[in-house]
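>>> Turn this into a model:
(2 chains)
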2 protein chains.
Amino acid sequence: MENYKTSLDAAFHALSDPTRRAVINRLTKSPAPVKELAKPFDMGLPAFLKHLRVLEESGLIATEKTGRTRTCQVKIGRLAEAESWLCEQRALWQARTDRLADYVETQMSRDTENDG
Amino acid sequence: MENYKTSLDAAFHALSDPTRRAVINRLTKSPAPVKELAKPFDMGLPAFLKHLRVLEESGLIATEKTGRTRTCQVKIGRLAEAESWLCEQRALWQARTDRLADYVETQMSRDTENDG
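Alright, predicted model coming up:
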């Protein structure tokens, strides 16, 4: 079974490049053949294929060859995994912030009672 | 002004390492001095400080020196930025999936009508 840590490493690494993020963004709208995907980018096909390979190896996209056309599609599970990790961190941070706010509020109302 | 693309590059790159993700996770619970942060990791201090530098340069953490102690804390804004990007991609993908489902449903009910 694939290691969760390793898959997050690969997913976040794949997302750290603007070309690869643009490809993901394009593929969220529909699957697309490599040729069409490559068009907007000012780079040679070999360089572009390298980016696709990083995305495929990270599990963020899948590719399938039919005849002479290779079609790519986004794999939402891996994207969701990365999102979940970030969401979890924000939730932990939020929980602490809420506890701090509660503490300050309790202290303040105690101070008010003592003054009264 | 800092470029949004560049900051996402740096944030996702910083998150692609398990040590750095563990540091973020620890810091969501409370700020901590470098010495305490380094403890759970089986690596020399210089290697650990390199990880902290990557995190600080990406804007995911901030550090502050008081006397001889450097304290680190998580910067939730940058974390939220990365999460938002992922959330947006998932929403785009979901919208397409919903449209596809609607289409299939319409076709199916048309077929049923024609059969009836």
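>>> quick one, strands of chain A?
A:32-33, A:61-66, A:69-74 (DSSP state E).
>>> Which among the ones you listed is found nearest to chain B?
strand A:69-74 (6.2 Å; CB to the nearest CB). Where C-beta positions appear, they are placed from N, C-alpha and C, glycine not excepted.
>>> buried stuff in that closest one?
Under the neighbour-count criterion of 16 or more other CB atoms under 10 Å in any protein chain shown, strand A:69-74 has A:72, A:74 buried.
>>> Stretch A:73-87 too?
Buried residues in stretch A:73-87, counting neighbours by 16+ other CB under 10 Å, are found at A:74-76, A:78-83, A:85-87.
>>> can you list contacts of it?
Contacts to stretch A:73-87, defined as CB atoms under 8 Å, 6 or more residues apart in numbering or on different chains, come from residues A:4, A:7-8, A:11-12, A:15, A:24, A:27-28, A:31, A:58-64, B:15, B:21, B:79, B:82-83, B:86-87, B:89-90, B:93.
>>> What of stretch A:9-18?
For stretch A:9-18, the surrounding residues in contact (CB under 8 Å, 6+ apart) are A:20-21, A:24, A:51, A:54-55, A:57-60, A:78-79, A:81-82, B:5, B:8-10, B:12-13, B:15-18, B:86.
>>> Kindly report the same for stretch A:31-42.
With contacts defined as CB under 8 Å, 6+ apart, stretch A:31-42 is touched by A:19, A:22-23, A:26-27, A:45, A:48-49, A:52, A:63, A:69-73.
>>> how distant is that stretch from the center of its chain?
Between the centre of stretch A:31-42 and the centre of its chain there are 21 Å (CA atoms, centre = their mean, to the nearest Å).
>>> How far does it stretch from one end to the other?
21 Å (CA to CA, to the nearest Å).
>>> what's the answer for stretch A:20-40, then?
Using CA to CA, the distance between the terminal residues of stretch A:20-40 is 12 Å.
>>> List the buried residues for that stretch?
Quick answer for stretch A:20-40 (16+ other CB under 10 Å): A:20-21, A:23-24, A:26-28, A:31-32, A:34, A:37-38.
>>> Okay, and which of the residues you listed map to helices?
A:20-21, A:23-24, A:26-28, A:34, A:37-38 (DSSP state H).
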